[in-house]
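S.K.: predicted model, plus sequence, below.
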Amino acid sequence: MEDDVDRLIAAWQRERPDMDVTPMHVLSRVSRLALHLDRARKEAFAGHGLEPSEFDVLSALRRSGEPYQLSPGQLVQETLVTSGTMTNRVDRLVTKGLVERLPDPADRRGVQVRLTPSGRRAVDGALDALISRERDLLAGLPADRAADLAAALRILSRPFDA
């Protein structure tokens, strides 16, 4: 079964026979799947009034466990964004009533960001919708092949996680 990437690779091989385009067999497919996943995420989150960037913050708080609060610095580490970006995201989420800022009991100058009950409902609903859409995206892949693919992708992504 030929797909769009096969056609793209064949065209490059025709136009650039001197070039080994082997990496495109994997990475062009990963790139195209990422676009589809990005669309599915946006649709899942929009149904709960969230942007993907807002979901990232809320899910970091939710995963942290009771009392669902982290410092802004911890949120920056969890979401891989700058502190300025995090400030803007938290400001938007405070305005929406999904998180609140609290004084940090361990540091008079610091704050903690805590998930509100509304924020917990929003992130839980968005996660349910996301998992449903992700299952749909993987529906054509047998479970054992999905596990093999996850293992291979883990190997590829490990250097970026360090």
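M.R.: Looks like it came in fine. Predicted model, so just to flag it, every value in this text is computed and none were measured.

S.K.: and the residue nearest the centre of the chain, which helix or strand is it part of?
M.R.: The centre of the chain sits closest to Asp56, judged by Cα atoms, centre = their mean, with a distance of 6.6 Å. Element membership for Asp56 (DSSP states H and E) is helix 52-63.

S.K.: which parts of that helix are buried?
M.R.: 53-62 (16 or more other Cβ atoms under 10 Å). Glycine gets a C-beta too; all of them are placed from N, C-alpha and C.

S.K.: circling back to that earlier point, any idea how far the residue nearest to the residue nearest to the centre of the chain when sequence neighbours are not counted is from Leu37?
M.R.: Using Cβ to Cβ, 6 or more residues apart in numbering and skipping the chain neighbours, the partner closest in space to Asp56 is Thr79 (4.8 Å). Plainly put, Thr79 is 17 Å away from Leu37 if you go by Cβ to Cβ, to the nearest Å.

S.K.: next one: Ala151
M.R.: Taking Cβ to Cβ as the measure, Ala151 falls 19 Å from Leu37.

S.K.: contacting residues for the residue nearest to the centre of the chain?
M.R.: Counting by Cβ atoms under 8 Å, 6 or more residues apart in numbering, Asp56 makes contact with 78-79, 89.

S.K.: can you put the residues you listed in CSV and add pLDDT and neighbour count?
M.R.: Shown next, in CSV, are these (pLDDT from 0 to 100; neighbours: other Cβ atoms under 10 Å):
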residue, pLDDT, neighbour count
Glu78, 92, 17
Thr79, 91, 16
Arg89, 96, 22
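
S.K.: Gln13 against Val21, yeah?
M.R.: Yes. Counting by Cβ atoms under 8 Å, Gln13 touches Val21, with 6.3 Å between them.

S.K.: and the top helix by length along the chain, what other elements does it pack with?
M.R.: Assignment by DSSP state H gives helix 22-46 as the longest helix of the chain. Using 3 or more Cβ pairs under 8 Å, 6 or more residues apart in numbering; DSSP states H and E as the contact test, the elements touching helix 22-46 are helix 4-15, helix 52-63, helix 117-138.
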